[in-house]
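What follows is a predicted structure for the sequence shown.
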Amino acid sequence: MKLLKNFLAGLVVSFIGSIPFGYLNILATKLLIDQGFLPFAVLVLGIITIEAIVIFVTLQLAQWLLSMKKLVFTFEVLTVVFLLLLAYNFYINPTGSNGKSPVSFTDKTLFQLFVSGVILSCLNFIQIPFWAGWNIYLVENNYLSAGNLLNLVFLSGALIGTTTGMYLFALAISQAIGTSMLFITLGNYYILPIIFILLAGIQVVKLIKKHKIAS
């Protein structure tokens with residue numbers, strides 16, 4: 001019973017966390033539309049490789065990480081900065097012709113796509129307080145039991161949840177867009193930069209609200 005509970009806890013939390021708009025979802029969706037399933041799957045594999053490390057570490061250090069409020073604040077600010085950099089990247093290089101960028105998937109091998117996924121996941125700073133907070137909540141409310149095997153089951157559920165959530169998100173968006181080259185072109189030039197700016201704005205609002213509550 002504990003094994004099933006841990007698996008479902010990881011699955012549900014990661015699935016819910018991977019559904020909302022986020023830069024990893026958006027970039028993975030763009031790759032699925034442009035190049036198909038295999039490159040998308042390799043990118044996601046790189047992403048969840050780092051997520052697995054984050055989940056494992058936060059399981060051990062959750063209380064300490066959340067107590068380091070300045071560190072958490074730094075992660076949140078860096079997330080805003082990175083989102084703005086993504087917006088700028090797509091604004092000046094909408095076609096992805098600059099293959100040196102980790103957010104440009106043009107002419108990249110599968111291994112390079114995997115490395116891009118690793119890099120992008122490393123830059124997803126907000127996942128550290130996200131998983132630290134959820135791990136504490138799950139343990140304190142008896143949704144997550146401790147133990148080496150139980151932790152491994154929780155981790156497996158979380159990675160499956162993230163992969164499933166990202167694929168369903170990408171599939172839904174790609175089906176909604178269809179094969180409209182006009183939409184894809186406008187998306188590269190205008191929509192993607194705007195989305196990343198909006199995501200940065202949402203993060204800033206969250207920071208302001210959190211700061212007001214804390215003060």
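Alright, I've got the coordinates. For clarity, every value in this text was computed on a predicted model and none was experimentally measured. Residues are numbered from 1 along each chain as shown.

my guess is L83 meets A200, correct?
Yes: using Cβ atoms under 8 Å, L83 is in contact with A200, at 3.9 Å. Every residue, glycine included, has its C-beta placed from N, CA and C.

the more surrounded of those two?
Taking other Cβ atoms under 10 Å, L83 and A200 do not tie; L83 has more neighbours (24 against 20).

Check which element follows the helix or strand of the chain with the lowest mean pLDDT along the chain.
Least confident element among the helices and strands of the chain, by mean pLDDT, DSSP states H and E: helix 181-186 (a mean of 46). Using DSSP states H and E, the helix or strand that follows helix 181-186 in sequence is helix 192-214.

Point out the other helices and strands that that following helix packs with.
helix 23-35, helix 69-92 (3 or more Cβ pairs under 8 Å, 6 or more residues apart in numbering; DSSP states H and E).

Just want the angle from it to helix 23-35.
For helix 192-214 against helix 23-35, the angle by axes from the mean of the first three to the mean of the last three Cα atoms, to 10 degrees is 170 degrees.

how far is helix 192-214 from where the chain is centred?
16 Å (Cα atoms, centre = their mean, to the nearest Å).

Buried residues in it, which are they?
Residues 192-193, 195-197, 199-200, 203 are the ones in helix 192-214 that count as buried (16 or more other Cβ atoms under 10 Å).

Run the angle between the host helix or strand of V42 and helix 69-92 for me.
In this structure, V42 sits in helix 37-67 according to DSSP H and E. Orientation check (the same axes, to 10 degrees): helix 37-67 against helix 69-92 gives 150 degrees.
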